[in-house]
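Visitor: Below are the sequence and a predicted model for it; my questions follow.
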There are 2 protein chains.
Amino acid sequence: MEIPPVVIDRLPLYARALSKLEVGGRDVVSSQELGTLLGVTPAQIRKDLSYFGRFGKQGRGYNVRKLLDELQRILGLDRQWSMALVGVGKLGRAILGYGGFAPQGFRIVEAFDASPKRIGERINNLTVKDVADLERTLLKKPVEVGIVAVPAEIAQDIIDALVKCGVRAILNYAPIAARVPPGIQIKRIEPVLALQSMTYYMKNARRAAASARS
Amino acid sequence: MEIPPVVIDRLPLYARALSKLEVGGRDVVSSQELGTLLGVTPAQIRKDLSYFGRFGKQGRGYNVRKLLDELQRILGLDRQWSMALVGVGKLGRAILGYGGFAPQGFRIVEAFDASPKRIGERINNLTVKDVADLERTLLKKPVEVGIVAVPAEIAQDIIDALVKCGVRAILNYAPIAARVPPGIQIKRIEPVLALQSMTYYMKNARRAAASARS
DNA sequence: ATCTGTGAAGCACTTCACAGCG
DNA sequence: CGCTGTGAAGTGCTTCACAGAT
């Protein structure tokens, strides 16, 4: 069956909420309650889960531990993923320093930059390599994900190189509409775009209406 | 007329592409060409723009400068927006140091933190204030946008406080499904969620299919 | 009695296809 | 002839509403 991409985008949210519930010692949760926690309708949660199987018990709800396991398996979160960062400027350094990837199984195992000042530098147990050696390095020791934190002008070239090295997903921090071949995943992380669409709803100072979408 | 939210989300992309074209000295562009640049169908671009007016010339295309002006006006990008950052840890510092906001008219004018170590610290011409003074400060001198870069546990409280101070949009970096009253905009910036949905398509190593969505 | 799982209905968004203007 | 603007058709996603399990 072909699953709607929006559904896939919501599953990590469900998983995170379940994870919190589990830590809190919760055994069972209903779609109603989970929906309230996440700002999603109960029907949507049930429908989303129904694409993958029947995980609940009628009259009771879902077993927190079991559903979380299922979601992690479905999403491929029951394993480690290795990533290569390209661009070790201010943004790249922040990404290297960010503590949120590792606990979720995402590890940055290579860092590249073009500036002689940065090549050879040691940050967070990683030695920055010359971007000229990117293909050599990643063809020998492939990674699954590429993180692009380079200036816009060269971002597409870097993305092409990463794809050539077998990367199957890209997290793009550069402000460009990058093109990738079919089958390769790419998501942009762009705070400015997020701001620029929110201003549309803000510019008329209307206190009412303008439904907020988390 | 009620405009589909997805349309609003695409307009900043169009604006950015037009901006690049303008810098490149381009006078006119067709929906076909703009679509190729952005990976969007020409029909979608024309339909999106048609919600707001008739900006093109049949047989020719769109005047780059004029369409860019219109989009900036529509999105409210023809003015400055002031923002307050809450949380000056590693992530908050990276946000303060990020050079991408100011050129687009978004200025961080206040920074708050709870840690005595950070309060009073001067970063990028901003003095970090005590988060206990958040309401006092922002009620006196309101900002339009709040940037939340605090630990998950206190993020909802901070968001509530910001909303109380009249903030109309929130850029949320904390890993929670935050709730805001209707009329308040909120967008999450969460690289981990982006990764966690991409893995779904990666876990079976299928080289074919699995359409990539930029 | 409660809450799931799900066809069917409803709504939202995208694409088609072409009239009409430059 | 080229390209926009747009109703209409098509596709995809969400919500409804209820049968059925516990």
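Guide: Ah, there it is.
Visitor: any bit of stretch A:171-178 sitting next to DNA strand C?
Guide: No - figure legend: stretch A:171-178 not in contact with DNA strand C (C-beta under 7 Å from any atom of the strand); closest approach 14.7 Å. Every residue, glycine included, has its C-beta placed from N, CA and C.
Visitor: now that stretch, how far from the centre of its chain.
Guide: Centre-to-centre, stretch A:171-178 and its host chain are 14 Å apart (C-alpha atoms, centre = their mean, to the nearest Å).
Visitor: what about that stretch, how long is it end to end?
Guide: The first and final residues of stretch A:171-178 sit 11 Å from each other (C-alpha to C-alpha, to the nearest Å).
Visitor: quick one, strands of chain A?
Guide: Along chain A, the segments classed as strands by DSSP state E run A:28-29, A:56-57, A:61-63, A:81-86, A:106-113, A:122-123, A:126-130, A:145-148, A:169-172, A:185-188.
Visitor: Adding mean pLDDT, write those strands out as a markdown table.
Guide: Listed next are the strands of chain A as a markdown table, based on pLDDT from 0 to 100:
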| stretch | mean pLDDT |
| --- | --- |
| strand A:28-29 | 98 |
| strand A:56-57 | 98 |
| strand A:61-63 | 98 |
| strand A:81-86 | 98 |
| strand A:106-113 | 98 |
| strand A:122-123 | 98 |
| strand A:126-130 | 98 |
| strand A:145-148 | 98 |
| strand A:169-172 | 98 |
| strand A:185-188 | 98 |
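Visitor: How about residue A:97, nearest residue that isn't a chain neighbour?
Guide: Among residues not flanking residue A:97 along the chain, residue B:90 sits closest, at 5.2 Å (C-beta to C-beta, 6 or more residues apart in numbering or on different chains).
Visitor: Pull the number of nearby residues for that neighbour.
Guide: Using other C-beta atoms under 10 Å in any protein chain shown, residue B:90 has 14 other residues around it.
Visitor: how close does it sit to residue A:31?
Guide: With the distance defined as C-beta to C-beta, to the nearest Å, residue B:90 ends up 36 Å from residue A:31.
Visitor: next one: residue A:123
Guide: Looking at residue A:123 against residue A:31, where the rule is C-beta to C-beta, the gap reads 44 Å.
Visitor: Can you pick out the residue with more neighbours from the two?
Guide: residue A:31 (21 against 16).
Visitor: quick one: pLDDT of the more buried one?
Guide: Residue A:31 carries a pLDDT score of 98 in this model.
Visitor: low-scoring stretches of chain A, by residue?
Guide: The model of chain A has pLDDT under 70 over residues A:205-214.
Visitor: which residues of it fall in helices?
Guide: If DSSP state H is used as the criterion, the helices of chain A fall at A:5-23, A:31-38, A:42-50, A:64-75, A:90-97, A:134-140, A:152-164, A:191-202.
Visitor: Buried deepest among those helices, which one?
Guide: For the helices of chain A, the largest average neighbour count (mean count of other C-beta atoms under 10 Å in any protein chain shown) is found in helix A:191-202, namely a mean of 22.
Visitor: what about that one and chain B, touching?
Guide: Yes - contact between helix A:191-202 and chain B is present through A:191-202 (criterion: C-beta under 8 Å from any C-beta of the partner chain).
Visitor: Looking at these, spot the one nearest DNA strand D.
Guide: residue A:197 (17.7 Å; C-beta to the nearest atom of the strand).
Visitor: and residue A:106, what are its bridge partners?
Guide: The residues paired with residue A:106 through beta bridges, assigned by DSSP bridges, are residue A:81.
Visitor: Give me the buried positions along stretch A:95-113.
Guide: Buried residues in stretch A:95-113, defined by neighbour count with 16 or more other C-beta atoms under 10 Å in any protein chain shown: A:95-96, A:98, A:101, A:104-106, A:108, A:110-113.
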